[in-house]
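Visitor: fold the following and give me the result.
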Amino acid sequence: MTIAMVFLRIYWLRVPWRLRLFLLRGSIVLIILHASFQVTKWSTTSDRLNVFVNWLAIAGYQLLVLLFSRLSPRWLTVPCAVILLIPLFASSILQPLVSLFQPGSIRRHVMDDHHFYEVVPWANVGGGNAGVDVQIYYSPPFVPFLRHRLQNVPFNNRECNAYSAFATLGPAPRTVIGHCPRWGAEPAGTFDKLLPFR
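Guide: The predicted structure follows:
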């Protein structure tokens, strides 16, 4: 994709003007869509579709930066474009693309008609710790393919058996309780966290 974008930048003036207009508008729309997802914490219920939108937005940003490098003075715009693209490629393009082709998907656990949660594992390789984030979502009935993240309940294996964590709605409205079973050597029960919806 990066090589294709570079060639597109080189031969930009040979691209039909309708296609150029479509690519420019599409890039801007995808960037705004992805940014709005990040700011509002809304997303689709498909993790692969979310990653695909993220990846397309990054590709659109990459195209806009490469087209910026065509402007004068080139001695300034080209180095600026390179500086903007180098960290972006490693941190934001490769990792989401890997996630797009992962064979497994995160299981969705229903809490009630409109609320559900997902248990997302994480690992701190350097710190030798691991755990999960229990992410709580709301899915509106009129657009069930969208979801809004309401809260994130983190657990790590040092405090409990994080991979067995789950969530229930709290006793008060707009609250959630994250439950994490204690290890076998500890007293029976769960390590709980009561948090409000954001």
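
Visitor: could you use CA atoms for every contact and neighbour count after this?
Guide: OK.

Visitor: buried stuff in the longest helix seen in the chain?
Guide: For the chain, the helix that runs over the most residues, judged by DSSP state H, is helix 17-40. Within helix 17-40, the residues that count as buried by 16 or more other CA atoms under 10 Å are 24, 27, 30-31, 34, 37.

Visitor: check which helices and strands it sits against.
Guide: Under the contact criterion of 3 or more CA pairs under 8 Å, 6 or more residues apart in numbering; DSSP states H and E, helix 17-40 touches helix 47-68.

Visitor: ok, residue 176 to residue 187 distance?
Guide: 23 Å (CA to CA, to the nearest Å).

Visitor: meant to ask about residue 72, not that
Guide: From residue 72 to residue 187 the distance is 69 Å (CA to CA).

Visitor: tell me if I'm right that residue 70 and residue 78 touch.
Guide: Yes: Residue 70 lies in contact with residue 78 (CA atoms under 8 Å); the separation is 7.5 Å.

Visitor: those two: which has the busier surroundings?
Guide: Each of residue 70 and residue 78 has its neighbours counted (other CA atoms under 10 Å); residue 78 has more, 19 against 15.

Visitor: before we move on, back to that, in a markdown table, list the buried residues of helix 17-40 along with distance to residue 172 and pLDDT.
Guide: Supplementary listing: the buried residues of helix 17-40 in a markdown table, determined by distance: CA to CA, whole Å; pLDDT from 0 to 100:
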| residue | distance to residue 172 | pLDDT |
| --- | --- | --- |
| 24 | 48 | 95 |
| 27 | 43 | 94 |
| 30 | 38 | 95 |
| 31 | 38 | 94 |
| 34 | 33 | 93 |
| 37 | 28 | 93 |
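
Visitor: TSV for the residues you listed, including distance to residue 134?
Guide: Shown next, in TSV, are these (distance: CA to CA, whole Å):
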residue	distance to residue 134
24	38
27	33
30	28
31	28
34	23
37	19
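
Visitor: just the closest of those residues to residue 156, please.
Guide: Using CA to CA, residue 37 comes nearest to residue 156 of those, at 27.1 Å.

Visitor: ok, the residue nearest to that closest one when sequence neighbours are not counted - contacts?
Guide: Once flanking residues are discounted, residue 37 sits nearest to residue 43: 5.7 Å by CA to CA, 6 or more residues apart in numbering. Residues in contact with residue 43, defined by CA atoms under 8 Å, 6 or more residues apart in numbering, are 37, 50, 146-148.

Visitor: count of neighbours near residue 83?
Guide: 11.

Visitor: what strand or helix carries it?
Guide: Secondary structure from DSSP states H and E places residue 83 in helix 74-88.

Visitor: show me which residues of that helix are buried.
Guide: 77-78, 81, 85.

Visitor: show residues contacting that helix.
Guide: In this structure, residues lying in contact with helix 74-88 by CA under 8 Å, 6+ apart are 62, 65-66, 68-71.
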